[in-house]
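*Asks:* Please work out how this folds:
(2 chains)
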Amino acid sequence: MIRVVLPTHLRNLAKVSGEVELEVEGTITQRSVLNALEARYPMLRGTVRDHATQLRRPFVRFFACEQDLSHEPPDSLLPEAVASGREPLYVVGAIAGGAYSRAR
Amino acid sequence: MSKVRVLVGTRKGAFIMTSDGKRQQWEVQGPLFAGWEIYHMKGSPADPNRLYLSQCSGWFGQLIQRSNDGGKTWEPVGNQFAYVGEAGTHQWYDGTSRPWAFKRVWHLEPSLSDPNTVYAGIEDAALFRSADGGQTWQELPGLRGHGSGPRWQPGAGGLCLHTILFDPSNARRMFIAISAAGAFRTDDGGDTWQPINRGLVSQYIPDPKAEVGHCVHRIAMHRSRPNVLFMQKHWDVMRSDNAGESWQEVSGNLPTDFGFVIDVHAHEPETIYVVPIKSDSEHFPLDGKLQVYRSRSGGNDWEPLTKGLPQSNCYVNVLRDAMAVDSMDTCGIYFGTTGGQVYASADAGDNWSPIVRDLPAVLSVEVQTLP
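*Replies:* Model (predicted):
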């Protein structure tokens, strides 16, 4: 079982509280975990990664085991502690981020 | 007795305000989607309980929410806005070319006749339509594919399609406006478009006959006279009596003709409203006095409306989607400010009072008149 911690806004959107637990087939990578996350919570599609390019949204970050995994290739293996369920994968809204809109 | 429902989008959530026909006592619901920017929320004319809402954030992108019960409950629907074919380029602020890229949905305009059909005006400017209640969205590529597209340039707020108007007498005709490309019209249901900017004069455009490049802030129409359009341009209040074929300035005695909003009285097609803003570099009212101006002659002759509005130390802005009118017997006028006030007048602008004073900055205001 893969554990994922979502930021508040995405927990509210998915109507979940606390961690999300996912069954993930095959190798445990960012891509496979996000595929499973979006399959179970379709309302999250487009919020963590772009619909078309599947690239991480610029102000979303991935952390696990005290490591910033945001720039890892999406098909790289996640740490064994995440794959075994001992540690969660954190999806984080970047603290410095957020493109404040200009004058409308 | 009829009632009204005011739909307010803010920088940090949505609010729904309801009142009876007197429009004196208000019930306020919200914040909905707290913490998210709500660019726009609008109800279907064909089914007032069907609402659509544009929700976005710099972190998590764009969502569209739909309600089937007047805003009590919501469900997220489709949020994929894919341009048709090669995206191509438009101009950036410095005149260089930049690829078209989806940023957000500025405006949602439900069909006049079908609750499941809704149009979306997006940044970077394009028009999308959904015929399945917002589940899926398809671009109307003829607009962005108009030959002038590579010359479109963003206004200060971005390259946004912010206004969508339907002609109630002709289902094939629509008007849209883009900052800073200008106004466009289709007469074939959205397949092809023509710029309708003749007569607009923009100081920053060297060519006085420029087909595109005008920073149109808002267009308004009275449904009984769809060939008569009113426009708040960056500077200048304009009017067209021929569906946009040509425009003439009707700023008249306005103290400043910069502004964002413009709207038309529900029962008097020649009565129009604007909120003058000092200038393009000082986005607040003149002299710290918040004043709505009303013309009962379709422009040129304007009167200030001040009763109940702050007349000192007021330095808010009123953004382009933040004014609306109801269709009660005595027409109600509503607008929201970047200071978080939503003002209402139940007597066509003569007297004003705040519904709320301390919301996040207001991005949009719409009104539904309910049985």
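
*Asks:* Distance check, the residue of chain B at minimum distance from chain A against residue A:65.
*Replies:* Nearest to chain A, among the residues of chain B, is residue B:58, at 3.7 Å (Cβ to the nearest Cβ). Every C-beta, even on glycine, is put in place using the N, C-alpha and C of the backbone. Separation of residue B:58 from residue A:65 (Cβ to Cβ, to the nearest Å) stands at 27 Å.

*Asks:* what about these two, which has more around it?
*Replies:* Set residue B:58 next to residue A:65 and count neighbours by other Cβ atoms under 10 Å in any protein chain shown: residue B:58 wins out with 18 against 15.

*Asks:* shouldn't the more buried one be in contact with residue A:60?
*Replies:* No: using Cβ atoms under 8 Å, residue B:58 is not in contact with residue A:60; the gap is 10.5 Å.

*Asks:* What segments of chain A are helices?
*Replies:* Counting by DSSP state H, one finds helices in chain A at the ranges A:8-14, A:30-40, A:80-83.

*Asks:* Who is the spatially most central residue of chain A paired with across the strands?
*Replies:* Geometric centre of chain A, nearest residue: residue A:91, 4.2 Å, by Cα atoms, centre = their mean. Beta-bridge partners recorded for residue A:91 (DSSP bridges): residue A:62.

*Asks:* check contacts around it.
*Replies:* The contact partners of residue A:91, by Cβ atoms under 8 Å, 6 or more residues apart in numbering or on different chains, come to A:4-7, A:10, A:48, A:60-62.

*Asks:* Give the rounded mean pLDDT of stretch B:261-275.
*Replies:* The pLDDT scores in stretch B:261-275 average 98.

*Asks:* which residues does the residue lying closest to residue A:20 once chain neighbours are set aside contact?
*Replies:* Leaving aside its sequence neighbours, residue A:20 sits nearest to residue A:4 (Cβ to Cβ, 6 or more residues apart in numbering or on different chains; 4.6 Å). Going by Cβ under 8 Å, 6+ apart, residue A:4 touches A:19-22, A:33, A:37, A:88-91.

*Asks:* Could you check how far the residue of chain B closest to chain A is from residue A:93?
*Replies:* In this view, residue B:58 and residue A:93 are 9 Å apart by Cβ to Cβ.

*Asks:* Residue A:50 too?
*Replies:* Using Cβ to Cβ, residue A:50 is found at 16 Å from residue A:93.

*Asks:* Looking at these two, which has the bigger crowd around it?
*Replies:* Set residue A:50 next to residue A:93 and count neighbours by other Cβ under 10 Å: residue A:93 wins out with 19 against 16.

*Asks:* Can you list the buried residues in stretch B:15-22?
*Replies:* Residues B:15-19, B:21 are the ones in stretch B:15-22 that count as buried (16 or more other Cβ atoms under 10 Å in any protein chain shown).

*Asks:* For residue B:138, state which of these is nearest.
*Replies:* Looking at those and their distance to residue B:138, the nearest is residue B:16, at 29.1 Å (Cβ to Cβ).

*Asks:* Pairing partners for the closest one in the sheet, please.
*Replies:* residue B:7, residue B:29.

*Asks:* Number of residues surrounding the residue nearest to residue B:293 when sequence neighbours are not counted?
*Replies:* Closest residue in space to residue B:293, ignoring its immediate chain neighbours: residue B:302 at 4.4 Å, by Cβ to Cβ, 6+ apart. By other Cβ under 10 Å, 25 other residues sit near residue B:302.

*Asks:* For residue B:302, report the pLDDT, please.
*Replies:* Model confidence at residue B:302, given as pLDDT, is 98.

*Asks:* same deal with residue B:86?
*Replies:* 84.

*Asks:* list the buried ones in stretch B:79-92?
*Replies:* By 16+ other Cβ under 10 Å, the buried positions in stretch B:79-92 come out as B:79-81, B:83, B:90-91.

*Asks:* In strands, which of these fall?
*Replies:* Among the buried residues of stretch B:79-92, DSSP state E puts B:90-91 in strands.

*Asks:* Kindly identify which of the buried residues of stretch B:79-92 also come near chain A.
*Replies:* By Cβ under 8 Å from any Cβ of the partner chain, the members of these lying near chain A are B:79-80.

*Asks:* shaky segments in the chain?
*Replies:* Just going to use chain A. A:96-104 (pLDDT under 70).

*Asks:* sorry, should have said chain B
*Replies:* Applying pLDDT under 70 to chain B picks out residues B:1.

*Asks:* List, one by one, the residues from it near chain A.
*Replies:* Proximity of chain B to chain A is confined to B:11, B:35-37, B:57-63, B:76, B:79-80, B:82, B:106, B:156-158, B:160, B:162, B:260, B:283, B:317, B:319-321, B:363 under the rule Cβ under 8 Å from any Cβ.

*Asks:* Just these: which are in helices?
*Replies:* Using DSSP H to define helices, no part of the residues of chain B next to chain A is located there.

*Asks:* Filter the residues you listed down to the buried ones.
*Replies:* Using 16+ other Cβ under 10 Å as the threshold, B:11, B:36-37, B:57-63, B:76, B:79-80, B:106, B:157-158, B:160, B:162, B:260, B:283, B:317, B:319-321, B:363 are the buried ones among the residues of chain B next to chain A.

*Asks:* Filter those residues down to the ones in strands?
*Replies:* Within these, residues falling in strands by DSSP E are B:37, B:57, B:61-63, B:76, B:106, B:160, B:162, B:363.

*Asks:* for those, which one is nearest residue B:169?
*Replies:* residue B:162 (23.6 Å).
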